[in-house]
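J.: The following comprises the amino acid sequence and a computationally predicted model.
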Amino acid sequence: GEDVEQSLFLSVREGDSSVINCTYTDSSSTYLYWYKQEPGAGLQLLTYIFSNMDMKQDQRLTVLLNKKDKHLSLRIADTQTGDSAIYFCAERTGNAGNMLTFGGGTRLMVKP
Amino acid sequence: DTAVSQTPKYLVTQMGNDKSIKCEQNLGHDTMYWYKQDSKKFLKIMFSYNNKELIINETVPNRFSPKSPDKAHLNLHINSLELGDSAVYFCASSREGVVYGYTFGSGTRLTVV
């Protein structure tokens, strides 16, 4: 079955790098995503990576994928207080309906 | 020009009532979804629907039913509300063959008292 896991909480100081980790179990995952949820808001797509890629960089965001270990990470460089939010990883497999399976979310707190 | 809009944003109701949450998307997407986010922020898929197929998460009670009057709308009806239904419900949409993930609405916070 599908299972996506994340650590619950991460605290960093402003200006440091943040690394949020995610593990998944379904080896047939085709795309993996990172979403950001700010308080009282819906989920906002940050970035995605195709399963045949190892890395993707987009400005301050770097996504690393280790398909062998089924491990996905999101690195945020020069973390700002505005980055404080809950970050969800999600996988899309070959299942019907294009449904995404989400991890439990990692709450990132950035201290000034 | 909200891409995926849900109404109401907040809903407080008594146990046993029947309520509906509306969702509309103006993105021309083919598929719409309902997710439930509990107090611990876990997101669980409830339904996936396009004009060809309704996929229901088998763990969802049959008190919950999606209704789609047209491609741009997917409403969520809940009968005989229970305390455990209190959560934030998110609507989302995607284009078929999704690469770019979903676009989410801002959520409806349902409180059952």
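T.: Sure thing, it's come through.

J.: The helix or strand of chain A with the lowest mean pLDDT pairs with which strands, parallel or anti?
T.: Ranked by mean pLDDT, DSSP states H and E, the helix or strand of chain A with the weakest confidence is strand A:100-102, at a mean of 89. Strands that pair with strand A:100-102, judged by DSSP bridges, come out as strand A:85-92 (antiparallel).

J.: what about the strand it pairs with, average pLDDT?
T.: In this model, strand A:85-92 has an average pLDDT of 94.

J.: what element comes up after the helix or strand of chain B with the lowest mean pLDDT heading to the C-terminus?
T.: None of the helices or strands of chain B scores lower by mean pLDDT, DSSP H and E than strand B:54-56, at a mean of 80. Next in sequence after strand B:54-56, counting helices and strands by DSSP states H and E, comes strand B:64-67.

J.: So that next one, near chain A or not?
T.: No - Strand B:64-67 stays clear of chain A (C-beta under 8 Å from any C-beta of the partner chain), getting no nearer than 12.3 Å. Where you see a C-beta, it was placed from the backbone N, CA and C, and this is true even at glycine.

J.: Which parts of chain B are strands?
T.: Taking DSSP state E, the strands of chain B run over residues B:4-7, B:10-13, B:19-25, B:31-37, B:43-49, B:54-56, B:64-67, B:75-78, B:87-94, B:103-104, B:108-112.

J.: partners of residue 5 in the sheet?
T.: Went with chain A since none was named. residue A:23.

J.: my bad, chain B
T.: Bridge pairing for residue B:5 - DSSP bridges - gives residue B:24.

J.: Count the residues that sit near it.
T.: 15 (other C-beta atoms under 10 Å in any protein chain shown).

J.: Surely it and residue B:105 touch.
T.: Yes - counting by C-beta atoms under 8 Å, residue B:5 touches residue B:105, with 6.1 Å between them.

J.: Which neighbours do those two have in common?
T.: Taking C-beta atoms under 8 Å, 6 or more residues apart in numbering or on different chains as the criterion, residue B:5 and residue B:105 both touch residue B:23.

J.: ok, which residues in chain A are in contact with chain B?
T.: Checking chain A against chain B by C-beta under 8 Å from any C-beta, the hits are A:31, A:33, A:35, A:37, A:40-45, A:48, A:86, A:88, A:90, A:92, A:96-102, A:104-105, A:107.

J.: No further questions, thank you.
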